[in-house]
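> Provided below are the primary sequence and the corresponding predicted coordinates.
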Amino acid sequence: MASLWDEADAATIEEIHKNRYLEQPKTGLQLISRLISKGDRAEEISMPLKELNKFINYDFVDLCKLESIPNETELFKKIDKALMDLEDTAEFPALANKNVVAVAGGFSAGKSRFINSLLREELLPTDPRPTTVIPTYIVSAKDDESLYALNTFKNKVSLDREAISAISHEFNRAYGIGFSHIVDVMMMESPAFNYVNIALLDTPGYSNSDSLERGDNTDEKKALEHLRHVDHLIWVLDINKGTLPESDIAFLKQLSLSSAKPIFLILNKADLKIKSDIENIMKVVRDRLNQASIPCAGVVAYSSQIDPHEILGDSLIDYLSSVNSKQKYARLSRGFDQVFDEITTYIRKETERRLSIIKSLNITIIKGDGNLPEEDLQTLKDSAKTLRKGTESTQSLIQKFSKLRHQMDEKINAVLSYISVDDERKKDETSGIYSEIITRDQNLLVDLDSDRKKEGTVVRSDAFGVYIDIGSSEKIMLHKSEIHKTYSNHIKDIFPLGGQCTVKINSVDYFKGVIKMIVTPKGDES
């Protein structure tokens with residue numbers, strides 16, 4: 001007698017054969033044409049991205065040459081990668097502030113049906129036969145459903161459900177054309193998905209093709225590429241295997257999992273087993289995970305075919321709810337910041353090294369006056385003069401890098417603002433108190449630009465606000481109005497005299513002498 005799973009497989013195959021993109025060649029070719037088109041970006045995004053490209057490939061490279069910055073090639077690669085990440089986010093902004101929960105496993109584990117059961121809707125196409133699966137993200141939508149693909153030209157193409165089914169399954173058999181090298185990812189925004197801070201990622205099965213026989217498993221490489229960068233991982237296993245296969249363990253070990261990123265394991269198709277068998281298999285699987293030192297957040301026996309879906313074990317719903325409770329902030333500005341911080345730190349140390357040598361030379365010159373030959377003294381004086389010029393040059397270079405950093409920040413913020421993405425900088429702004437210093441002290445500007453996190457102490461409080469010492473020539477003043485924007489408590493409770501706080505430097509403008517920062521009282525950092 002056929003099981004529910006056999007009946008579902010047969011129904012799926014029948015639905016695929018009724019697909020209009022497969023039955024009507026003209027419609028199918030129109031879909032192909034749309035999927036390979038280049039398209040155009042909105043000017044609000046394209047213009048700042050073009051300017052960032054110019055800043056990096058011309059201004060940044062030219063400035064690095066002025067001082068022979070170490071690891072210049074590596075720094076260029078890092079900042080270029082930061083730009084690529086920003087460009088990718090501009091295409092798929094819906095993913096930027098989501099905790100990405102990947103759903104992975106071997107072929108035939110039932111990943112797509114598992115996801116459909118979470119949605120309580122047949123959103124993802126399923127097929128019991130080997131297929132070419134394109135990584136697919138699912139996020140929540142407030143209103144109507146939106147489906148689209150991102151091709152290799154970074155063009156977003158709107159799709160319908162039949163198109164997604166055709167792309168994922170029979171298109172290659174019908175027209176001899178596959179899309180795995182044309183379409184990078186697909187996106188589904190669905191009101192059926194209720195987790196607003198989560199993006200589910202349906203990945204290719206790591207053993208999902210006959211390429212295993214050729215020793216060239218492209219699906220495995222693609223799955224690894226995506227899974228290494230996700231925030232959380234759900235591993236789906238067909239309970240009929242009776243254990244966690246060695247091939248699964250070998251694959252999972254390639255992901256460098258940790259206690260901070262454990263897997264949640266789904267024993268799927270558990271409706272086909274009796275309770276005692278399920279309990280035995282769960283024990284075997286847990287033991288295998290422990291022996292392999294693979295961290296695990298939970299194991300649940302599950303059925304995508306019957307309701308309730310969770311049959312035995314840990315709660316998947318509790319796990320997803322815990323992940324969904326945390327808002328994620330994009331780290332798009334961090335890549336740029338790290339490069340500029342590294343450069344500024346190097347220049348600052350180089351300046352200090354030269355100043356130390358100048359000091360030693362001056363002492364030698366003073367002591368040697370009348371004791372050393374005039375020719376030797378002149379050589380020492382010339383060396384000190386050359387080093388002083390070099391020091392002035394490095395000070396000027398820091399200012400030039402700061403100006404470039406400020407110009408690039410404006411373009412980065414323009415892109416993030418247009419696509420409504422919250423970056424880590426916004427998190428800092430919303431979890432602390434804004435302040436700024438206007439100063440003519442160039443040494444302070446250099447110091448705060450190269451060390452962008454300082455510890456401060458509350459040294460005074462008056463009718464205007466709170467004053468904080470960070471060990472520099474200037475005290476930071478927090479206006480009462482700014483404090484009350486973030487905190488409702490009495491100011492002396494938040495910033496008691498002698499109390500400690502953290503000061504994060506957001507930007508340093510050498511030309512205007514303005515330092516912008518966010519101050520957070522100790523115990524309130526996130």
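Right, received. Where do you want to start? Residues are numbered from 1 along each chain as shown.

> how much space is there between residue 262 and residue 415?
Here the criterion is CB to CB, to the nearest Å. By it, residue 262 lies 34 Å from residue 415. No exception for glycine: its C-beta is placed from N, CA and C like everyone else's.

> residue 289 now?
Counting by CB to CB, the separation of residue 289 from residue 415 is 42 Å.

> quick one: the strands in the stretch 401-526 of the chain?
Ranges of strands in the stretch 401-526 of the chain, per DSSP state E, counting those that start in this stretch, are 433-438, 453-461, 465-469, 475-479, 500-509, 514-521.

> can you list the domains in this structure?
4-39+98-324, 43-90+331-418, 431-521 (automatic domain parsing).

> I'd like these as CSV, with mean pLDDT and mean neighbour count appended.
Rendered in CSV, the data for the domains of the chain read as follows (pLDDT from 0 to 100; neighbours: other CB atoms under 10 Å):
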stretch, mean pLDDT, mean neighbour count
domain 4-39+98-324, 83, 18
domain 43-90+331-418, 87, 16
domain 431-521, 80, 17
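
> tabulate the strands of the stretch 401-526 of the chain (CSV), appending distance to residue 229.
Listed next are the strands of the stretch 401-526 of the chain as CSV, based on distance: least, CB to CB, whole Å:
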stretch, distance to residue 229
strand 433-438, 32
strand 453-461, 26
strand 465-469, 38
strand 475-479, 37
strand 500-509, 26
strand 514-521, 28
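
> of all those strands, which lies closest to residue 81?
strand 500-509 (22.0 Å; CB to CB).

> one step back: residue 39 is nearest to which of the strands of the stretch 401-526 of the chain?
strand 500-509 (34.3 Å).

> neighbouring strands for the closest one, and are they parallel or not?
Listed by DSSP bridges, the sheet partners of strand 500-509 and their directions read strand 453-461 (antiparallel), strand 514-521 (antiparallel).

> what's the angle from the longest one to strand 475-479?
Calculated by axes from the mean of the first three to the mean of the last three CA atoms, to 10 degrees, strand 453-461 forms an angle of 70 degrees with strand 475-479.

> follow-up on the earlier one: do you know which of the strands of the stretch 401-526 of the chain lies nearest residue 22?
Sorting the strands of the stretch 401-526 of the chain by CB to CB, the top spot, which is the nearest, belongs to strand 500-509 at 54.1 Å.

> gap between the closest one and the chain center?
Its chain's C-alpha centre lies 23 Å from the corresponding centre of strand 500-509 when counted by CA atoms, centre = their mean, to the nearest Å.

> stretch 251-263 too?
17 Å.

> do the same with stretch 455-464
For stretch 455-464, the gap between its own C-alpha mean and the chain's C-alpha mean amounts to 36 Å (CA atoms, centre = their mean).

> which residues touch that stretch?
Outside stretch 455-464, the residues that touch it by CB atoms under 8 Å, 6 or more residues apart in numbering are 466-470, 475-477, 479-480, 491-492, 495-503, 519.

> give me the distance between residue 73 and residue 494.
With distances defined as CB to CB, the gap from residue 73 to residue 494 amounts to 47 Å.

> swap in residue 308?
Per CB to CB, residue 308 is found 47 Å from residue 494.

> using CSV, list the CA coordinates for stretch 361-378.
The C-alpha atoms that make up stretch 361-378 are tabulated as CSV, following Å, rounded to 0.1, in the frame of the first residue of the first chain:
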residue,chain,number,x,y,z
LEU,A,361,69.0,62.4,17.0
ASN,A,362,68.4,65.8,18.7
ILE,A,363,69.9,64.5,22.0
THR,A,364,72.9,63.2,20.1
ILE,A,365,73.3,66.5,18.3
ILE,A,366,73.2,68.5,21.6
LYS,A,367,75.7,66.1,23.3
GLY,A,368,77.9,66.0,20.2
ASP,A,369,78.1,69.8,19.7
GLY,A,370,81.8,70.5,20.2
ASN,A,371,82.7,66.8,20.6
LEU,A,372,81.9,65.5,17.1
PRO,A,373,83.3,66.6,13.8
GLU,A,374,81.2,69.3,12.1
GLU,A,375,80.6,67.0,9.1
ASP,A,376,79.1,64.3,11.4
LEU,A,377,76.9,66.8,13.2
GLN,A,378,75.6,68.1,9.9
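
> now do that stretch: everything it contacts.
Residues external to stretch 361-378 that are found in contact with it (CB under 8 Å, 6+ apart): 380, 381, 383, 384, 387.

> now find how far off-centre it is within its chain.
Relative to the centre of its chain, stretch 361-378 is centred 58 Å away, using CA atoms, centre = their mean.

> same question for stretch 139-152.
Between the centre of stretch 139-152 and the centre of its chain there are 20 Å (CA atoms, centre = their mean).

> try stretch 324-337
Average the C-alpha atoms of stretch 324-337, do the same for its chain, and the two points are 6 Å apart (CA atoms, centre = their mean).

> swap in stretch 191-203?
On the basis of CA atoms, centre = their mean, stretch 191-203 is displaced by 17 Å from the centre of the chain it belongs to.

> what of stretch 182-191?
18 Å.

> pull the CA atoms of that stretch into PDB?
Backbone C-alpha positions of stretch 182-191 (Å, rounded to 0.1, in the frame of the first residue of the first chain) are rendered in PDB as follows:
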ATOM      1  CA  ILE A 182      22.700  31.800 -15.000                       C
ATOM      2  CA  VAL A 183      20.600  32.300 -11.800                       C
ATOM      3  CA  ASP A 184      22.600  32.900  -8.600                       C
ATOM      4  CA  VAL A 185      19.800  32.800  -6.100                       C
ATOM      5  CA  MET A 186      16.000  33.000  -6.000                       C
ATOM      6  CA  MET A 187      13.900  35.000  -3.400                       C
ATOM      7  CA  MET A 188      10.400  34.400  -2.200                       C
ATOM      8  CA  GLU A 189       8.700  37.000   0.000                       C
ATOM      9  CA  SER A 190       5.600  35.400   1.400                       C
ATOM     10  CA  PRO A 191       3.000  36.400   4.000                       C
END
